[in-house]
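# give me a model of this one.
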Amino acid sequence: MAANTNDDRTTESDFASLGLIDEITRSLGELGYEEATPIQRLTIAPLLDGRDLLGQAATGTGKTAAFALPMLQRLASAERRDSPFALVLVPTRELAMQVSEAVHRYGRYLDSSVLPVFGGQPIARQITALRRGVDIVVATPGRAIDHINRKTLALDAIAMLVLDEADEMFDMGFAEDIETILDRTPSERQTVLFSATMPPRIEAVTRRHLSNPERITITSAPEGAAGAPLVRQTAYIVHRAHKTAALARVLDIEAPGATLVFCRTRIEVDELTQTLNGRGYRAEALHGGMNQDQRDRVMGRLRAGTADLLVATDVAARGLDVDQLTHVVNFDVPSAPESYVHRIGRVGRAGREGTAVTFAEPREQRLLKNIERVTKQRIQLEKVPTVADLHSKRLDITRTSVRDAIIEGDLDRFRGLVDGLADEFDLMEVALAAAKVAHEAGSSEIDEQEIPTVELRESERSERGDKTKKKWKDKDKDKGGKDRPNRGKNAGANNGTARIFIGAGHDSGIRPKDLVGAIANETKLRGRDIGAIEIGDRHSLVEVPSHAVDDVIAVLRNSHIKGHKPTIRRERSPSR
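Numbers count the residues shown, from 1 in each chain. Just a heads-up that it's a prediction; the model follows:
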């Protein structure tokens with residue numbers, strides 16, 4: 001039964017009710033643990049009883065504490081020996097360090113020692129620590145085998161063996177190493193296996209090496225439940241040639257914190273990282289072709305906030321736990337739903353909200369449906385933001401910055417400047433100019449090229465259900481309820497929109513943001529209300545809602561655009 005979060009129990013008594021001793025509950029209270037997660041409530045008691053356990057739960061649900069707390073308590077009451085009491089196997093160096101640090105923190109009031117053992121670190125140092133004596137070893141399978149073969153890691157006294165992220169270890173090719181380790185540990189040991197997915201090979205290991213295990217499955221909990229991933233899942237259908245531009249556009253609109261971008265190959269990681277850095281983002285690459293020192297430097301920059309984007313392959317990103325992550329991006333749709341689950345599990349952890357964004361090519365829509373079918377969760381399809389959307393977002397940022405400055409005060413030092421300008425110009429013009437300077441100073445150049453929209457095929461719409469079809473239909477309606485036309489070259493005013501002809505184009509230095517600004521600043525329309533914009537050498541076409549076309553034409557006829565006062569009129573229908 002889930003713990004009641006509305007009662008007055010302290011953290012200590014909440015965990016104490018699970019049978020944990022005072023030394024452990026005291027450390028949990030000092031660490032700020034407020035309540036046990038579902039996986040911890042279901043797991044701790046059987047592990048304290050010495051039962052084998054098979055647990056299925058996504059990353060970030062509290063698995064480490066679920067097995068570490070009973071492990072520490074059993075160690076506290078066990079007869080001490082020179083060789084390790086427990087062995088925890090994990091897929092990556094990063095996860096080994098995280099688990100080791102967590103065990104150390106949980107056991108701060110117990111006379112226990114823990115050692116992380118992994119590749120990329122001098123083995124001599126590990127050998128010295130193992131010979132000195134250690135209670136709990138957290139190791140990657142490959143380095144564990146190295147020590148077993150050197151006879152520096154003794155398994156004869158192992159009372160508890162944990163396989164954490166078992167499916168990932170098998171995916172990484174550690175199956176033979178794991179079998180070897182399991183065969184060399186005492187048969188009477190307690191065995192715990194955690195995995196986000198349960199493929200047949202995990203079931204096979206369970207049958208061979210676990211004795212009548214307790215089976216626990218943590219499914220996706222309702223949003224807001226303790227321990228449930230709170231991940232907003234969205235997807236954009238976009239042609240491959242436009243994926244990088246679409247990613248940049250979404251990043252600008254979303255304005256995320258630290259972001260993890262998944263790619264399929266090392267080459268794609270390097271190319272995308274270079275492209276994003278060229279566009280002004282602070283991106284770092286992470287893949288299997290990098291040595292451990294390089295990986296450590298990259299992770300250090302991400303955690304320190306000197307990098308915003310981590311572009312990585314699946315293998316390189318396994319086991320990563322970065323508190324600052326707010327977004328996970330699938331630059332390519334994972335072919336296996338299990339990979340998608342692993343990826344999005346990097347955000348929305350331990351009650352924090354997160355966002356998962358996927359870019360799918362038109363031919364990959366079936367993969368999205370397969371993921372939805374397996375995860376039983378809807379992935380919301382969105383349209384790639386337009387140039388007008390981006391300009392509107394930038395204006396919102398400027399508006400917020402100005403409001404914050406007004407609220408903060410401390411403006412008197414600029415009063416003389418404004419008074420001087422007010423003697424020469426209208427006060428509204430001074431304010432508009434100041435807003436323009438602030439806006440342009442805080443905005444980088446915008447890619448003015450529109451990204452072609454990819455509509456859902458009719459077959460895809462019908463398979464996604466009536467609700468999704470209605471959403472797409474409603475999004476293509478204007479306030480009058482009329483269907484909007486496709487924004488093609490000959491889109492006209494018959495179905496809720498009209499196009500305005502402007503007698504100036506590239507030759508006059510006209511850019512989409514100039515047209516958006518001229519319309520949005522002088523009318524009640526917002527940037528998002530403005531449709532497709534086409535700019536030729538000597539003319540431009542702008543799509544606006546039909547109900548506002550006359551107002552827009554009147555405003556533009558009384559305005560200068562880039563210093564020009566061009567011809568403004570409705571677009572004439574093409575002759576037949």
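# C-alpha only now, for contacts and for neighbours.
Fine.
# buried residues, stretch 203-213. List them.
Using 16 or more other CA atoms under 10 Å as the test for burial, stretch 203-213 gives 205-206, 209-211, 213.
# now stretch 267-279
So for stretch 267-279, counting by 16+ other CA under 10 Å, buried means 268-270, 272-276.
# domain ranges for this protein?
11-217, 230-385, 388-435, 478-570 (automatic domain parsing).
# okay if I get the buried residues of stretch 203-213 as JSON lines plus distance to residue 17?
Formatted as JSON lines, the buried residues of stretch 203-213 follow (distance: CA to CA, whole Å):
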{"residue": "205", "distance to residue 17": "33"}
{"residue": "206", "distance to residue 17": "30"}
{"residue": "209", "distance to residue 17": "31"}
{"residue": "210", "distance to residue 17": "27"}
{"residue": "211", "distance to residue 17": "27"}
{"residue": "213", "distance to residue 17": "23"}
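# any low-confidence regions in the stretch 101-250 of the chain?
Judged against pLDDT under 70, the low-scoring parts of the stretch 101-250 of the chain cover residues 219-229.
# strands of that one, residue ranges please.
Counting by DSSP state E, counting those that start in this stretch, one finds strands in the stretch 101-250 of the chain at the ranges 114-117, 136-139, 160-163, 190-195, 214-217, 230-237.
# over to the stretch 401-550 of the chain?
Here the stretch 401-550 of the chain has its strands, by DSSP E, counting those that start in this stretch, at 497-502, 533-535, 540-545.
# can you say which of those is nearest to residue 117?
Taking CA to CA as the criterion, residue 117 comes closest to strand 533-535 out of the strands of the stretch 401-550 of the chain, the separation being 58.4 Å.
# list the strands paired with that closest one, with their directions.
Partner strands for strand 533-535, per DSSP bridges, with pairing direction: strand 540-545 (antiparallel).
# just want the angle from the partner strand to strand 497-502.
Angular relation of strand 540-545 and strand 497-502 on a 0 to 180 degree scale: 150 degrees, by axes from the mean of the first three to the mean of the last three CA atoms, to 10 degrees.
# contacts for strand 540-545, please.
The set of residues external to strand 540-545 that reach it, using CA atoms under 8 Å, 6 or more residues apart in numbering, is 478, 496-505, 515, 529-535, 571.
# among the strands of the stretch 401-550 of the chain, which gets the worst mean confidence?
Within these, confidence is poorest for strand 533-535, with a mean of 82 (mean pLDDT).
# which of the buried residues of stretch 203-213 fall in helices?
Using DSSP state H, the members of these that fall in helices are 205-206, 209.
# can you pull the pLDDT of the closest residue to residue 519 other than its chain neighbours?
Across the structure, with CA to CA, 6 or more residues apart in numbering as the measure, the residue nearest residue 519 apart from its sequence neighbours is residue 552 (6.6 Å). Each residue has a pLDDT score; the one for residue 552 is 88.
# could you do residue 14 as well?
In the prediction, the pLDDT value recorded for residue 14 is 67.
# now the residue nearest to residue 519: which helix or strand?
helix 549-557 (DSSP states H and E).
# got a list of contacts for that helix?
Here helix 549-557 makes contact (CA under 8 Å, 6+ apart) with 498, 500, 518-519, 522-523, 565-570.
# which of these scores worst on pLDDT?
Least confident entry in those, by pLDDT: residue 522, with 73.
# now that one: closest residue in space, sequence neighbours ignored.
Closest residue in space to residue 522, ignoring its immediate chain neighbours: residue 555 at 6.7 Å, by CA to CA, 6+ apart.
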